[in-house]
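Novice: sequence unknown, structure follows:
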């Protein structure tokens, strides 16, 4: 399963956005930051259909970054 961040395009809130996502097969809500922002896991079969199923949403694959190490920074003892 791949993780995606979903953000509703329009400012008007659909009252059942969470229910809409929960009804999609192959989609699991991992986190809901706000009423219109979700982190979801999507199975391989559903991924190609995601944009078609959710045309009013901005859909971006989750990106993780490693914490940078700064060789010039000295740790306090």
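Specialist: Alright, I've got the coordinates. Computed from a predicted structure; not experimentally measured.

Novice: going forward, measure contacts and count neighbours with C-alpha atoms only.
Specialist: OK.

Novice: for the protein, give me the ranges with low pLDDT.
Specialist: 11-15, 73-77 (pLDDT under 70).

Novice: what's in contact with the longest helix that the chain contains?
Specialist: Secondary structure assigned by DSSP state H gives helix 17-22 as the longest helix of the chain. Contacts to helix 17-22, defined as Cα atoms under 8 Å, 6 or more residues apart in numbering, come from residues 27, 28, 29, 35, 36.

Novice: and the helix or strand where residue 3 lies, which strands flank it?
Specialist: Assessed by DSSP states H and E, residue 3 sits inside strand 2-8. Looking at strand 2-8 with DSSP bridges, its partner strands are strand 37-42 (antiparallel), strand 57-61 (antiparallel).

Novice: need the winner for burial among the ones you listed.
Specialist: strand 37-42 (a mean of 20; mean count of other Cα atoms under 10 Å).

Novice: immediately after it, which helix or strand?
Specialist: helix 50-53.

Novice: pull the distance from that next one to the chain's centre.
Specialist: 14 Å (Cα atoms, centre = their mean, to the nearest Å).

Novice: follow-up on the earlier one: tabulate the strands paired with strand 2-8 (CSV), appending distance to residue 23.
Specialist: Supplementary listing: the strands paired with strand 2-8 in CSV, determined by distance: least, Cα to Cα, whole Å:
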stretch, distance to residue 23
strand 37-42, 13
strand 57-61, 16
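
Novice: count the residues that sit near residue 65.
Specialist: 5 (other Cα atoms under 10 Å).

Novice: contacts for stretch 61-70?
Specialist: Applying Cα under 8 Å, 6+ apart, the set of residues contacting stretch 61-70 is 2, 3, 4, 5.

Novice: ok, back up a step: which of the residues in the strand holding residue 3 are buried?
Specialist: Across strand 2-8, burial judged by 16 or more other Cα atoms under 10 Å covers 3, 4, 5, 6, 7, 8.

Novice: please name the nearest non-neighbouring residue to the second one.
Specialist: In space, not counting the residues next to it along the chain, residue 4 is nearest to residue 61; the distance is 4.3 Å by Cα to Cα, 6 or more residues apart in numbering.
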